[in-house]
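[1] model this:
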Amino acid sequence: MANIKSSKKAIKVIAKKTDNNHELKMRVHNLIKNCEKEIAANNKENADKLLKDFQKYMDKAVSKGLVKKNTADREKSRLTQKVKNMK
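    Numbers count the residues shown, from 1 in each chain. A predicted model of the protein is given here:
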């Protein structure tokens, strides 16, 4: 454990940032899974809503440096194609 006051604070700040980053990443992954479930269930309205949310949160993750831009673009493109190709 740290002895210096600033080090103790830094540990708290890092823990909080880690929790926030983990929450955002898990939200993105859950939106992908839920959207793919809606695609499998052939529910276009819900899939469109989830896709919109997914794109919003994926862009947030890119701006915070949690996901690389090309990875985000690739995942958004793949999910968008799946929603477009629904019957």
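
[2] what's the single longest helix in this protein?
    helix 5-40 (DSSP state H).

[3] on contacts alone, who are the packing partners of that helix?
    helix 44-63, helix 69-84 (3 or more CB pairs under 8 Å, 6 or more residues apart in numbering; DSSP states H and E). Placement of C-beta: from N, CA and C, glycine included.

[4] Could you pull out the buried residues of that helix?
    Buried residues in helix 5-40, counting neighbours by 16 or more other CB atoms under 10 Å, are found at 24, 27-28, 31-32, 34-35, 38-39.

[5] That one vs helix 69-84, what angle?
    Here the directions of helix 5-40 and helix 69-84 differ by 30 degrees (axes from the mean of the first three to the mean of the last three CA atoms, to 10 degrees).

[6] quick one, helix 5-40 and helix 44-63 angle?
    Using the same axes, to 10 degrees: helix 5-40 against helix 44-63 is 150 degrees.

[7] follow-up on the earlier one: which of the buried residues of helix 5-40 sits closest to residue 53?
    residue 31 (5.6 Å; CB to CB).

[8] rewinding a little: for the helices and strands packed on helix 5-40, which one sits closest to residue 1?
    Closest among those, using CB to CB: helix 44-63, at 31.4 Å.

[9] Return the closest one as CSV; C-alpha atoms alone will do.
    The C-alpha coordinates for helix 44-63 follow below in CSV (Å, rounded to 0.1, in the frame of the first residue of the first chain):
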residue,chain,number,x,y,z
LYS,A,44,-36.2,-5.4,-37.0
GLU,A,45,-37.5,-2.5,-34.9
ASN,A,46,-35.6,-3.6,-31.7
ALA,A,47,-32.5,-4.5,-33.8
ASP,A,48,-32.5,-0.9,-35.2
LYS,A,49,-32.8,0.6,-31.8
LEU,A,50,-30.0,-1.5,-30.4
LEU,A,51,-27.8,-0.9,-33.4
LYS,A,52,-28.2,2.9,-32.8
ASP,A,53,-27.3,2.6,-29.1
PHE,A,54,-24.4,0.3,-30.0
GLN,A,55,-22.9,2.8,-32.4
LYS,A,56,-23.3,5.6,-29.9
TYR,A,57,-21.5,3.7,-27.1
MET,A,58,-18.9,2.3,-29.5
ASP,A,59,-18.0,5.8,-30.5
LYS,A,60,-17.7,6.8,-26.9
ALA,A,61,-15.3,3.9,-26.3
VAL,A,62,-13.2,5.0,-29.2
SER,A,63,-13.0,8.6,-28.0
